[in-house]
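Chemist: sequence unknown, structure follows:
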Ligand SMILES: NC(=O)C1=CN([C@@H]2O[C@H](COP(=O)(O)OP(=O)(O)OC[C@H]3O[C@@H](n4cnc5c(N)ncnc54)[C@H](OP(=O)(O)O)[C@@H]3O)[C@@H](O)[C@H]2O)C=CC1
Ligand SMILES: O=C[C@H](O)[C@@H](O)[C@@H](O)[C@H](O)C(=O)O
C-alpha cells in the first residue's frame, strides 16, 4: 500500500513540473513498487520522496538510491542520516572500515523511522576475512540493530589479522600486509553462515572483478546479491556489468559523482544534458544509473544536497531519453575513462584501467 501524506490536486508553479500532481509519499512497501512505477508512467513527473526498488536474486527489493557514508565525519553523519531518512531515503550504505557506524546508528534512531523500513548495508573489512562473524557483530552493535539487510565483502583482499595495525597492517617495505594464505572462497563460506544464522538477509561483494568472482562462484551456495563497484560516466565498466547481469548479480554504483568534490558535475556533456531537461548535473548522473537499474549511492553531509540527490535521481531517471543515455554510456570511450578510487593493494585485482601496485 502507498500512504500519501498529502495530495494537493494542484499543479506545480514550476513549468518543468506543470503536468505533475503534487503529492508526497511517505511509505511505500515493496509490493507497491508496481503501483508507483505505474504512477510514474501516468504522470510525466511523479514527485515523490521514495526511490524505486530493484529486485535481487533472493527476491528482496533494494531501494535504488542509498546514502553513502564514507568519509562523513561523526558529528556530520548523525544529521546527514537523520535528514536523509526524514526526506524519504530508505537505504544507508555503511562499512566497518568507515569508523562512523555508531554515529550512523544514532542518525537512524534520531530520524524516528522504524528499523524495519530501512535497508542497511555494511561491509566486512580485510583484516576480518577469517573472522566474519566477529566483524559483523561489531557492526551490528555499532549500528544498534540485530540484523543487516545486506553484508558485503568490502575488497577481495584478505589482510593479516595479526599485523601491525587493525585496519591497514603493513610490511616493513611499507606495502599493505596481505594474507596470501587465506582463500576468498573460505571468506564466502563464512558470509553464507551469517545468512543461515539470520544475522544478515542478503550477502554480496564489492570491488570484485570477473577474475575475483571466479574465485568464489564455483563453490558458492549463495550467489552474491550485489557487487558494489566504482561506476559512473567515466568508469561505466560495460563488460563487467554484462557479466553481472548474466549471473543475476545487481550492480551498485559507488562514487557516482566522482567522489570527493564531485568532479563529474563539471563535465560538459553532463551539463548539456542537464540544461536540455532543466535539471541539475547530479540528477543526470544519478538518473542515468537508476534508469539502468544500477543502485546509486551518492554521499553528502549537506542537507540540501541529500534531499536533491534523491529527488533528482528519480526525476533524472524519468527525463533522460535513449540518446542521453547513449551519450553518457559513450563518455569513457571518448577519451574520458578515469577511476577515482584506487587504494594501493599489492595484488592484481583483475580490473581494467588499474595501475599495478604489485
Ligand atoms: N565499496 C567501496 O569500496 C566504496 C564504497 N563507497 C560508497 O559509496 C558512497 C559514495 O561515494 P563517495 O566516494 O563518497 O563519492 P560521491 O561520488 O558520492 O561524491 C561525494 C562528494 O560529492 C559531494 N556532493 C554530493 N552531492 C552533491 C551535489 N548534489 N552537488 C554537489 N556536490 C555534491 C559531496 O560533498 P558534501 O558531502 O560536502 O555535500 C562529496 O564531496 C560512499 O560514501 C560509500 O558509502 C565509496 C567508495 C568505495
Ligand atoms: O569504501 C570506501 C573505500 O573502499 C575505502 O574504504 C578504501 O579506499 C580505503 O580508504 C583504502 O585505502 O583501502
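Modeler: Alright, I've got the coordinates. These numbers come from a predicted model, not from an experiment. Numbering: from 1, shown residues only. Ligands and ions are numbered 1, 2, ... in the order given.

Chemist: The protein: helices as residue ranges?
Modeler: 33-42, 74-86, 101-111, 132-143, 184-196, 210-213, 238-247, 268-277, 281-291, 303-319, 322-329 (DSSP state H).

Chemist: Need the ones you listed in JSON lines (columns: distance to residue 124 and mean neighbour count).
Modeler: Every C-beta, even on glycine, is put in place using the N, C-alpha and C of the backbone. As requested, those are exported to JSON lines (distance: least, Cβ to Cβ, whole Å; neighbours: other Cβ atoms under 10 Å):
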{"stretch": "helix 33-42", "distance to residue 124": "29", "mean neighbour count": "13"}
{"stretch": "helix 74-86", "distance to residue 124": "20", "mean neighbour count": "21"}
{"stretch": "helix 101-111", "distance to residue 124": "13", "mean neighbour count": "21"}
{"stretch": "helix 132-143", "distance to residue 124": "5", "mean neighbour count": "19"}
{"stretch": "helix 184-196", "distance to residue 124": "7", "mean neighbour count": "18"}
{"stretch": "helix 210-213", "distance to residue 124": "14", "mean neighbour count": "18"}
{"stretch": "helix 238-247", "distance to residue 124": "20", "mean neighbour count": "14"}
{"stretch": "helix 268-277", "distance to residue 124": "34", "mean neighbour count": "17"}
{"stretch": "helix 281-291", "distance to residue 124": "24", "mean neighbour count": "26"}
{"stretch": "helix 303-319", "distance to residue 124": "26", "mean neighbour count": "22"}
{"stretch": "helix 322-329", "distance to residue 124": "32", "mean neighbour count": "15"}
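
Chemist: Kindly present those helices as CSV, with separate columns for mean pLDDT.
Modeler: Below are the helices of the chain laid out as CSV (pLDDT from 0 to 100):
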stretch, mean pLDDT
helix 33-42, 49
helix 74-86, 97
helix 101-111, 98
helix 132-143, 98
helix 184-196, 98
helix 210-213, 98
helix 238-247, 98
helix 268-277, 98
helix 281-291, 98
helix 303-319, 97
helix 322-329, 98
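
Chemist: Out of those helices, which is closest to residue 62?
Modeler: Nearest to residue 62 among the helices of the chain is helix 33-42 (11.0 Å), distances taken as Cβ to Cβ.

Chemist: Let's have the helices of the chain in JSON lines, adding distance to ligand 2.
Modeler: Shown next, in JSON lines, are the helices of the chain (distance: least, Cβ to the nearest ligand atom, whole Å):
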{"stretch": "helix 33-42", "distance to ligand 2": "28"}
{"stretch": "helix 74-86", "distance to ligand 2": "14"}
{"stretch": "helix 101-111", "distance to ligand 2": "13"}
{"stretch": "helix 132-143", "distance to ligand 2": "14"}
{"stretch": "helix 184-196", "distance to ligand 2": "16"}
{"stretch": "helix 210-213", "distance to ligand 2": "14"}
{"stretch": "helix 238-247", "distance to ligand 2": "17"}
{"stretch": "helix 268-277", "distance to ligand 2": "23"}
{"stretch": "helix 281-291", "distance to ligand 2": "17"}
{"stretch": "helix 303-319", "distance to ligand 2": "18"}
{"stretch": "helix 322-329", "distance to ligand 2": "24"}
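
Chemist: and these as JSON lines, adding distance to residue 151?
Modeler: Converted to JSON lines, the helices of the chain look like this (distance: least, Cβ to Cβ, whole Å):
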{"stretch": "helix 33-42", "distance to residue 151": "23"}
{"stretch": "helix 74-86", "distance to residue 151": "19"}
{"stretch": "helix 101-111", "distance to residue 151": "13"}
{"stretch": "helix 132-143", "distance to residue 151": "6"}
{"stretch": "helix 184-196", "distance to residue 151": "6"}
{"stretch": "helix 210-213", "distance to residue 151": "17"}
{"stretch": "helix 238-247", "distance to residue 151": "18"}
{"stretch": "helix 268-277", "distance to residue 151": "33"}
{"stretch": "helix 281-291", "distance to residue 151": "22"}
{"stretch": "helix 303-319", "distance to residue 151": "24"}
{"stretch": "helix 322-329", "distance to residue 151": "31"}
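
Chemist: closest to residue 223 out of those helices?
Modeler: helix 238-247 (6.5 Å).

Chemist: Point me to the residue of this structure nearest ligand 1.
Modeler: Of all residues in the chain, residue 68 sits closest to ligand 1, at 2.4 Å by Cβ to the nearest ligand atom.

Chemist: so that residue makes contact with residue 297?
Modeler: Yes. Between residue 68 and residue 297 there is a contact at 4.6 Å, judged by Cβ atoms under 8 Å.

Chemist: Give the residues shared as contacts by these two.
Modeler: 93, 254 (Cβ atoms under 8 Å, 6 or more residues apart in numbering).
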